[in-house]
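> Build me a model:
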Amino acid sequence: MRTRFDEQLQMLNTELITMGALCEEAINNAVKYLIDNDETFKENVYNTDKQIDQKERDIENLCMKLLLMQQPVASDLRRISSALKMISDMERIGDQASDIAEIAHFVNVCGYTTQVHIEEMAESTIKMVTDSIDSFVKTDMELANNVIKQDNNVDELFIKIKNELIFGIQSGHDNAEALLDLMMIAKYLERIGDHAENIAEWVIYSITGNHK
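The predicted structure follows:
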C-alpha cells in the first residue's frame, strides 16, 4: 500500500514540474511578445494559460485521491496540502502572464521596452518559479530560502524600472500612456515573484510544519 502511495507522490512531483514549466513558458512568451510584437507569442501565452488551468485541476484530483484513498502520515499531509496551495499560486502566475500579453501590444508601439530592465526582471521571476518548484521536489529548504531572498532582487528591479519610466514620462515621451502600461507589466512581474515566494514558503512548511 505504501509503495503505491509513494508512486503517486512521485507522480505529484512530476505533475508539479510540468505545471512549473508551463508557467515559465507563459512568462517567457509574454515577454517575447512584449519585445518582438509577434502575435505567435501572444497566442502561445493564452494556450499555455489554458494548459496551466487544466494542470491545476489534474493535480487537485490527484491530491484528493492521495488524501481519500491512502493513509498519509503528518509529513505526507503537509506535502499534499502544500502542493494544493502551490498550484493556486501557479495558476495565478499563468493569469498574470496572460495579463502581460493582453497589454503588451500597446506598449510595444512606444519603442521603450528595450530601454528598461523588463527582460532582466522576467528572467529573475522565471528563475524564482523554477527554483521554488525544484525546492519542493528535492525537499531542499536552502533552495526555498534562496527563492525568498531572490524576491528582494525582483522588488529592486521593479523600483528601478518605475524610476526609469517616471523619468521617461517627465522627459516628455510622446506616448506616456504606453509607459504607464509598461509600468503595469513590471507590476505583474513583481506579483509573479511574490507568487514564487509564496510557493517557497509552502515548501518550507511542507518540510518543517511552520509557515511564515
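> buried set for stretch 120-130?
Residues of stretch 120-130 classed as buried under the neighbour-count rule (16 or more other CB atoms under 10 Å) are Met121, Ala122, Ser124, Thr125, Ile126, Lys127, Met128, Val129, Thr130. Every residue, glycine included, has its C-beta placed from N, CA and C.
> oh, I was asking about stretch 148-155
Ile148, Gln150, Asp151, Asn153, Val154.
> contacting residues around that stretch?
With CB atoms under 8 Å, 6 or more residues apart in numbering as the test, stretch 148-155 has contacts from 121, 124-125, 127-128, 131, 189-190, 193-194, 196-197, 200-201.
> Output the buried residues of stretch 148-155 as CSV; include the columns pLDDT and distance to Ser206.
Shown next, in CSV, are those (pLDDT from 0 to 100; distance: CB to CB, whole Å):
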residue, pLDDT, distance to Ser206
Ile148, 97, 15
Gln150, 96, 19
Asp151, 96, 19
Asn153, 95, 24
Val154, 96, 23
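> related to what we said a few turns ago, lowest-confidence one in the contacts of stretch 148-155?
Note: of the contacts of stretch 148-155, the lowest pLDDT belongs to Met121, at 92.
> Confirm for me that it is in contact with Ile161.
Yes: under the criterion of CB atoms under 8 Å, Met121 makes contact with Ile161 at 6.6 Å.
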